[in-house]
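Asker: what follows is a predicted protein model with its sequence.
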Amino acid sequence: MIEMSRRRLLGMIGTVAGSTAMYNAMTAMGHAQPSSYSGPIQLDGAPQGTKILILGAGLAGMTAALEMRAAGYEVEVLEFREKAGGRCWTLRSGDTYTELGGATQNVDFADGNYINPGPWRLPHNHYAVIDYCRRLNVPLEPFVQTNYNAYVHRGDAFGGAPQRMKHILTDYRGHVSELLAKAVDQGKLDGMVTQEDREVLIESLRSFGVLNDKNAYVKSLQTSDYRGYDKQAGGGVGAAPIPSDPLDPSEVLQSRLWTMLATHETMNHHAPMFQPIGGMDGIAKGFEREVGDLITYNAKVVSLQQDDSGVTVTWEDTANGGATRTTTADYCVCTIPFSILGQIDHNLSSSLANVIWGMPYNGSTKVGLEFKRRFWEQDEDIYGGITYTDQAITQISYPSTGYLSDGPAVLLGGYTWRGADTFKFNAMQPAERIEWALRMGEKIHPQYREEFKAGVAVSWHKVPWVLGCSGIWEDRERDYEDAVAIDNRVVCAGEHLSYLPAWQEGAILSSLDAISRLHDKIING
Amino acid sequence: MKSRFLSVLAMAGLGTAPVFAQDDSGTEQFISPVSDEAMFEGGGGYTSTDGEELYNTFCAGCHMPAGEGASGAGEYPPLSGNPRLEFAAYPITIIVNGQGGMPGLGHLLSDEQVLEVTSYIQSDLGNDYAPDGTLQMVADTRPVEEGEVLAEHEVEEENVDPDREDGGGNETGVVRHRIPNSNFPILLAAEIPADATLVYLSGTVPQVVNPDAAEGSPERYGDTTAQTVSTLASIEQKLASIGLDMADVVKMQVYLVSPEGADAMDFAGFMEGYVRFFGTETQPELPTRSVFEVAGLANPSWLVEIEVVAVRP
Ligand SMILES: Cc1cc2nc3c(=O)[nH]c(=O)nc-3n(C[C@H](O)[C@H](O)[C@H](O)COP(=O)(O)OP(=O)(O)OC[C@H]3O[C@@H](n4cnc5c(N)ncnc54)[C@H](O)[C@@H]3O)c2cc1C
């Protein structure tokens, strides 16, 4: 079924939850979702000479290639790009990237500097991706998500001056604890708290909020030990610390800066997080070392047909003038994003075709900015971590590597996925996106203009091999079973077919599940 | 660096493109003709009501600055020189509700903005159609709250009575309004009581009528009439499997693809199939109905896809 008609019908009869719901797909990134990974899979006993054709050499495709070959299948992979990894991708000095529309960026970074335009951090509880890093010898290092010395910033709070996270965090917690402790003490919560609990609760709030023995959150050496001092403790003459003034309770509340504290606490952002040393594509290269010999690059799949005897895929050999070629196999694992699969000539069943057609992709823009020096470290004592802002760039993430080094360094100067903002960035040329990232970033770091060296901006709706960042379900509960079901000889897999959208873990788990079911079907019918 | 920026912009081939200039400090400054300072104001939403500006700051990201579209592993279709933009209803539907890889954008734009950008693409980007959209068309395209009248057209209270037809074949409490002074076999409106159980059937597609015909050949599924008949027959079966029949259908949406070689959908062929199932002696009931011509369906041989909504008696 074509998508327009379904949405149109929904529009006319008004049962849809509201299209804004679709845009919540990205916010799901912040929700806690445990991994279902329970160790390496064991598939064996593949029937002699059974051939599996895998479409796409992203992490889903390469996971399938690795495990299906290990099971004894004959495996072939067709990949549109000239290299493996798909969205798992790093741009480093010397690279060139041409987006849809033709704008080409030459990455002008200093030697060894890079930006991860797509995936950039790994939660420690994404067990599958971490296990593959272990098995594929991909070295990881800590990715600093939370930095108490980084900023939280809103144009309409504190006169637009960025606030250190430690101040907002400590003061917010202190003021709220004080209110609660007083309410309990004055018996205002008696209906809700038992007599025995009252005292313990107050005691815990004093500890949690750093309250004094009158249950007040005040300027003191104790509170400064959490929020920071005016003058920090030292040694020798005049070394005594001087406490700092907490911010006004109402101002802290009204600033709404507390909205920027929660991300760190979600399970997908719990410390420790990791990143592959030298760039996220370390994972892609790890897989490629194992299965690179199975991959045909520069192969643009244009047709996928199946019948009772097998699967026939037609592709254009873009390295050789677009010559049309055909590959056949017994079964197919298709990891091509639905944004593209929906445009490919296929004869998949209508229930699957429905979902493919009904899944647009949301956008996202990431801007990498290289500065001549690490002013955030040198001038502001910020080592890694993320500053959040209400501007369209949403955040600035400082490099979690190479601390204290001289010379240029790259930070993430913008990462947007919010509706209109993302479309605006997408409609710009790369240089404009960079200029906007500078304009917004300099409100937080006035050194920006002076120190700027080079930038790269990737907008995912313009990335030629996905046309988006991650799939948006029209109604995941309704459609999921249809989408993941094996359709005769074809099974689809990838980030989009998971409950971990826009995470590599989702791509790998989807693939492991799809190939397990396919293997079972091949063996047991 | 400077030359790179300029080449990027030259490639975009845009008269209205932002320009970059080198200032004394050596950093590129960006000067935009758009009311650029306001670009991200107002919570980041789109505030302009200028069709061209909306196009450049929104649609151009995928359809490209001159509407030329783009192609990678997948495509963004060109809007320049696009005959499908002759009538506003088509772009308005797509802008508001999306289609395939295009996300629905209705929640980011007001009715006026949708209309302005529609008029712009109809009359610019190498298109020369007279903008025929209205604010009402945009409003009608938006999702309505459940409980509103399930009908293609608004019903004027006073027009209703003469052609009012209560009940119908099955006891559903549905009120079927005939089109006044017309024999055209669809309803003007169907009024559904609040406590009715609505049943939405997924899109149903044609059956193979000639299994010997080659895959992909027009003979395999037959012409528009044959495909309409096999599709409606299959809808009849599906309804039967859940205890319903054709007389319970109150709403139908039909998608037709223009047959190979033809320059439009075969509406007459569709009607020929349709009247065998609705308004017949044995099945006199009629549904409300819309027919759309679409660019394509999931299988290139399909010319017909039909969705229905039924009321459970
Ligand atoms: C901005 C952004 C931030 C992200 N952040 C994180 C993060 O911090 N941590 C994390 O774990 N994940 C993150 N992700 C998600 C992660 O990148 C994806 O979930 C994962 O890489 C998807 O893998 P996949 O194999 O499903 O798809 P892909 O990697 O897209 O693989 C699909 C492959 O199919 C190929 N292909 C497409 N069309 C054709 C065709 N016609 N013919 C042949 N081949 C074709 C493509 O070239 C590609 O190689 C992020 C993604 C984005 C975009």
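Answerer: Received, thanks. All figures in this text were calculated on a predicted structure; none of them were measured in a lab.

Asker: SS state for the one residue in chain B that gets nearest to the ligand?
Answerer: Closest to the ligand within chain B is B:A73: 3.4 Å, counting by CB to the nearest ligand atom. In this view, the C-beta of every residue, glycine as well, is placed from N, C-alpha and C. Using DSSP: H, G, I helix; E, B strand; the rest coil, the structure places B:A73 in coil.

Asker: count the neighbours of it for me.
Answerer: If you count neighbours by other CB atoms under 10 Å in any protein chain shown, B:A73 ends up with 25.

Asker: and residue 33, what pLDDT?
Answerer: The chain I'm using is chain A. What the model reports as pLDDT for A:Q33 is 43.

Asker: actually, chain B is the one I wanted.
Answerer: 37.

Asker: same question for the one 5 residues further on.
Answerer: Reported pLDDT at B:A38 in the predicted model: 68.

Asker: name the strands paired with the host helix or strand of A:T324 and say parallel or antiparallel.
Answerer: Using DSSP states H and E, A:T324 sits within strand A:323-329. Paired strands of strand A:323-329, with direction, are strand A:310-317 (antiparallel) (DSSP bridges).

Asker: in the strand it pairs with, which residues are buried?
Answerer: Neighbour counts over strand A:310-317 (16 or more other CB atoms under 10 Å in any protein chain shown) mark A:V311, A:T312, A:V313, A:T314, A:W315, A:E316 as buried.

Asker: in this structure the second one contacts A:V302, no?
Answerer: In other words, A:T312. No. The pair A:T312 / A:V302 is not scored as a contact, 11.7 Å apart, by CB atoms under 8 Å.

Asker: ok so, going back, so does the strand holding A:T324 get close to the ligand?
Answerer: No. Strand A:323-329 lies apart from the ligand when judged by CB under 6 Å from any ligand atom; the minimum separation is 11.2 Å.

Asker: hmm, who's touching the helix or strand just after that strand?
Answerer: As assigned by DSSP H and E, the chain's next helix or strand after strand A:323-329 is strand A:331-334. Residues outside strand A:331-334 that contact it (CB atoms under 8 Å, 6 or more residues apart in numbering or on different chains) are A:50-56, A:61, A:64, A:68, A:304, A:306, A:311, A:313, A:341, A:489-493, A:511, A:514-515, A:518, A:522.

Asker: of these, which belong to strands?
Answerer: Counting by DSSP state E, the contacts of strand A:331-334 place A:K51, A:I52, A:L53, A:I54, A:L55, A:L304, A:Q306, A:V311, A:V313, A:V490, A:V491, A:C492 in strands.

Asker: the fifth one against A:V311, yeah?
Answerer: Okay, so that is A:L55. No. With contact defined as CB under 8 Å, A:L55 does not count as touching A:V311 (9.8 Å).

Asker: what touches both of these two?
Answerer: A:L304, A:C332.

Asker: residue furthest from the geometric center of chain A?
Answerer: Distance from the centre of chain A peaks at A:V237, with 48.9 Å (CA atoms, centre = their mean).

Asker: and that one, how far from the ligand?
Answerer: When CB to the nearest ligand atom, to the nearest Å is the yardstick, A:V237 and the ligand sit 48 Å from each other.

Asker: residues contacting that residue?
Answerer: A:V237 neighbours (CB under 8 Å, 6+ apart): none.

Asker: that one: what secondary structure?
Answerer: Here A:V237 is coil, with the state taken from three-state DSSP.

Asker: again with the one 3 residues further on
Answerer: Of the three states, A:A240 takes coil according to three-state DSSP.
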